[in-house]
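Novice: The sequence and its predicted three-dimensional model are supplied below.
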Amino acid sequence: MDDFKPLADAGDNSELGSARALDPRFYLGADWLAFDQQHVLAPGWQVIAPASALAESGDHIVREIGGVPVVLVRDETGAINGFVNVCRHRAGPLALCDGRGAKRLRCAYHGWAYDLQGQLRTAPEMQNAEAFNRSDIRLKPIDVELWGGMVFARVGPGQAFSTVIEGIDALVAGANLDGMVHHHHRVYDVAANWKVYIDNYLEGYHLPFVHPGLTQVVSYPEYRTELARFWSLQRSPIGEETGAYAAGEALYFFIYPNTMLNILPGRMQSNRVVPDGPDRCRVEFDFYYAPGAEKRASEDDRFSDEVQEEDRLICEHVQKGLGCGHYEAGRLSPDQEAGVWHWQNLLREVYAAAD
């Protein structure tokens with residue numbers, strides 16, 4: 001990464017009134033993606049799955065965090081443990097997919113088996129290996145937290161989870177997230193850099209032009225953004241009952257670096273944005289409903305598909321614009337793009353520290 005000089009391009013964006021968008025080169029190429037995976041995504045707390053996916057001993061889920069394969073499993077004591085999903089023998093996978101009721105995590109390559117606390121228990125054909133001691137070998141752990149009926153995790157050191165979500169509990173207390181029930185999971189594929197999708201999520205500026213249906217539900221004139229240290233909140237009244245939404249208020253939380261929580265009366269969506277390459281990402285959606293509100297699920301899913309398709313199309317056009325060689329970072333709207341400014345400055349902190 002010989003051209004890695006983020007400060008030369010980032011500029012002074014300390015004031016929202018004079019801020020510009022992030023330079024386009026941060027959205028392009030394998031080098032920048034590798035940097036983001038290691039320094040932004042791996043150490044960042046992110047939603048992984050509903051806690052109900054790990055309801056019983058041996059239940060496990062397989063995911064990726066910052067390009068690192070991970071497995072999370074509930075053990076016999078009820079604790080949820082997270083590990084890098086890589087055998088300590090020759091890097092084989094311990095689990096290939098989500099599952100229920102496992103007694104061991106067994107490598108699919110050579111059969112080394114670990115207990116649910118990550119300790120190696122059996123290693124076939126190793127009896128003649130000199131000074132080989134199973135008790136010395138454990139899976140590499142990752143950090144795991146439970147909050148709001150969801151499992152969060154990260155790989156590597158960073159901010160404490162309580163620091164990252166500080167202040168959110170008070171704002172969502174009335175939603176009773178712990179009382180919501182997970183209903184279904186969806187994945188949307190987008191041919192754009194993962195940061196393009198987040199940029200798009202963080203402002204309602206585009207709603208009248210990209211989302212005609214959503215604009216009829218949320219009140220654009222009353223749309224406003226609130227900022228905290230590691231999260232931002234977009235909120236808007238929902239004036240009337242619809243097939244997908246109950247009347248009340250929409251709360252759209254972004255939690256750095258790649259988690260969104262869309263909380264509305266009686267339901268929540270969690271979103272995690274995962275890179276699949278420099279110009280591709282996937283968005284993992286989980287839908288939760290308060291008891292009785294799941295009657296909206298079918299219409300909610302249809303409406304989500306509509307909105308996501310609109311977002312996919314505009315993000316893919318933006319990605320082409322960023323890579324065309326004729327775009328220079330433009331000015332941000334102080335009234336409508338405070339969330340974009342906030343998130344891009346969090347990125348700038350990481351990029352500048354590596355300069």
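Specialist: Right, received. Where do you want to start? Numbers count the residues shown, from 1 in each chain.
Novice: Check the gap between Val70 and Pro208 for me.
Specialist: Using Cβ to Cβ, to the nearest Å, Val70 is found at 40 Å from Pro208. Any C-beta I mention is one placed from the backbone N, CA and C, and that applies to glycine too.
Novice: With neighbour numbers in mind, choose between these two.
Specialist: Looking at Val70 and Pro208 with other Cβ atoms under 10 Å, you find the greater number of neighbours at Val70, namely 24 against 11.
Novice: Make sure that one is actually in contact with Asn81.
Specialist: No: Val70 lies out of contact with Asn81 (Cβ atoms under 8 Å); the separation is 10.8 Å.
Novice: quick one, what contacts His317?
Specialist: Taking Cβ atoms under 8 Å, 6 or more residues apart in numbering as the definition of contact, His317 has no neighbours.
Novice: Find the helix or strand that Tyr351 is a member of.
Specialist: With elements taken from DSSP states H and E, the one containing Tyr351 is helix 338-353.
Novice: which residues of this structure score low on pLDDT?
Specialist: Along the chain, the parts satisfying pLDDT under 70 run over 1-12, 355.
Novice: quick one, domains of it?
Specialist: Following automatic domain parsing, one finds the domains of the chain at 7-42+160-353, 46-154.
Novice: All the helices of the stretch 201-350 of the chain, residue numbers only.
Specialist: 207-210, 212-215, 297-322, 338-353 (DSSP state H, counting those that start in this stretch).
Novice: Quickly note the distance from the closest residue to Ala123 other than its chain neighbours to Asn85.
Specialist: Among residues not flanking Ala123 along the chain, Trp112 sits closest, at 4.9 Å (Cβ to Cβ, 6 or more residues apart in numbering). Trp112 is 13 Å from Asn85, where distance means Cβ to Cβ.
Novice: do Tyr256 as well
Specialist: Counting by Cβ to Cβ, the gap from Tyr256 to Asn85 is 24 Å.
Novice: repeat for Lys320
Specialist: 34 Å.
Novice: before we move on, the earlier item: right, and the helices of the stretch 201-350 of the chain - which one's nearest Asn262?
Specialist: Evaluated over the helices of the stretch 201-350 of the chain, closeness to Asn262 peaks at helix 297-322, with 9.1 Å, by Cβ to Cβ.
Novice: from the middle of its chain, how far away would that closest one be?
Specialist: Put simply, helix 297-322 sits 17 Å off its chain's centre (Cα atoms, centre = their mean, to the nearest Å).
Novice: quick one: buried residues of it?
Specialist: 300-301, 303-304, 307-308, 310-312, 314-316, 318-319, 322 (16 or more other Cβ atoms under 10 Å).
Novice: Spatially nearest residue to Met180 (excluding sequence neighbours)?
Specialist: Nearest non-adjacent residue to Met180 (Cβ to Cβ, 6+ apart): Tyr288, at 4.0 Å.
Novice: nope, His184 is what I was after
Specialist: Nearest one to His184, counting by Cβ to Cβ, 6+ apart, is Phe287 at 5.2 Å.
Novice: need the contact list for the one you found.
Specialist: Phe287 makes contact with His182, His183, His184, His185, Arg186, Arg267, Met268, Gln269, Ala297, Asp300, Asp301, Ser304 under the criterion Cβ under 8 Å, 6+ apart.
Novice: now Pro275
Specialist: With Cβ under 8 Å, 6+ apart, Pro275 has these contacts: Leu33, Asp36, Gln37, Leu41, Gly67, Asn193, Trp194, Cys281.
Novice: can you rerun that using 6 Å?
Specialist: Leu33, Trp194, Cys281 (Cβ atoms under 6 Å, 6 or more residues apart in numbering).
Novice: Okay, and the beta partners of it?
Specialist: Bridge pairing for Pro275 (DSSP bridges) gives the partners Cys281.
Novice: Roughly how far does it sit from Pro291?
Specialist: Counting by Cβ to Cβ, the gap from Pro275 to Pro291 is 36 Å.
Novice: What separation do you get for Asp279 and Leu28?
Specialist: Asp279 sits 8 Å away from Leu28, going by Cβ to Cβ.
Novice: Compare these two (neighbour count), which wins?
Specialist: Set Asp279 next to Leu28 and count neighbours by other Cβ under 10 Å: Asp279 wins out with 21 against 17.
Novice: quick revisit: who wins on neighbours among the contacts of Pro275?
Specialist: Trp194 (27 neighbours).
Novice: quick one: that one and Val283 touch, right?
Specialist: No: the criterion here is Cβ atoms under 6 Å, and Trp194 misses it with Val283 at 9.0 Å.
Novice: any common contacting residues for these two?
Specialist: Val273.
Novice: Asn13 in helix, strand or coil?
Specialist: coil (DSSP: H, G, I helix; E, B strand; the rest coil).
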